[in-house]
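>>> Here is the input, now give the coordinates:
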Amino acid sequence: MALHIASVPGSVAAAAVPDSIEAPNFSQPEPKSRQEVLDTFSKSLESAKDTLKKMDDARLTSMWSLTKNGKVLMSVPRIGFIRSVLMNHNYHHRGQLSVYLRMLGVPVPSIYGPSADENPFA
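Predicted coordinates:
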């Protein structure tokens with residue numbers, strides 16, 4: 001899952017370029033190292049920035065579709081796809097990570113201010 005999360009920015013931005021894409025099959029190998037995850041994320045983020053800054057308001061508000069075997073699964077304004085998958089998808093995985101940390105007994109770090117594991121008055 002680590003490489004999946006690290007590659008989301010660039011992958012989503014690239015998927016937003018055409019007017020329609022075929023739903024992908026998600027499978028990625030496990031990372032070989034922490035550095036591989038960090039490098040993948042850095043490259044993915046730069047790629048996303050480069051791709052998205054080339055889109056003007058007209059492009060961002062134009063319709064984008066996801067298909068499966070030629071059938072339209074969803075059709076939304078491109079900016080809605082970007083917001084939903086690029087942003088909300090990461091929030092989803094951050095929530096998963098905080099649950100995993102809690103289950104492992106690892107203190108949950110601050111996300112939107114102090115977590116229940118932090119005492120701001122200590």
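>>> what mean pLDDT does the longest helix along the chain have?
Determined from DSSP state H, the single longest helix within the chain is helix 34-52. If you average the pLDDT over helix 34-52, you get 95.
>>> Ok, stretch 73-92 next?
The model assigns stretch 73-92 a mean pLDDT of 91.
>>> Figure out how far that stretch is from the centre of its chain.
Centre-to-centre, stretch 73-92 and its host chain are 9 Å apart (Cα atoms, centre = their mean, to the nearest Å).
>>> Give me the contact list for that stretch.
Here stretch 73-92 makes contact (Cβ atoms under 8 Å, 6 or more residues apart in numbering) with 5, 8-9, 12-13, 15-16, 23, 48, 52, 55, 59-67. Placement of C-beta: from N, CA and C, glycine included.
>>> Repeat the analysis, applying 6 Å as the threshold.
Outside stretch 73-92, the residues within contact range by Cβ atoms under 6 Å, 6 or more residues apart in numbering are Val12, Ala16, Leu60, Thr61, Ser62, Met63, Trp64, Ser65, Leu66.
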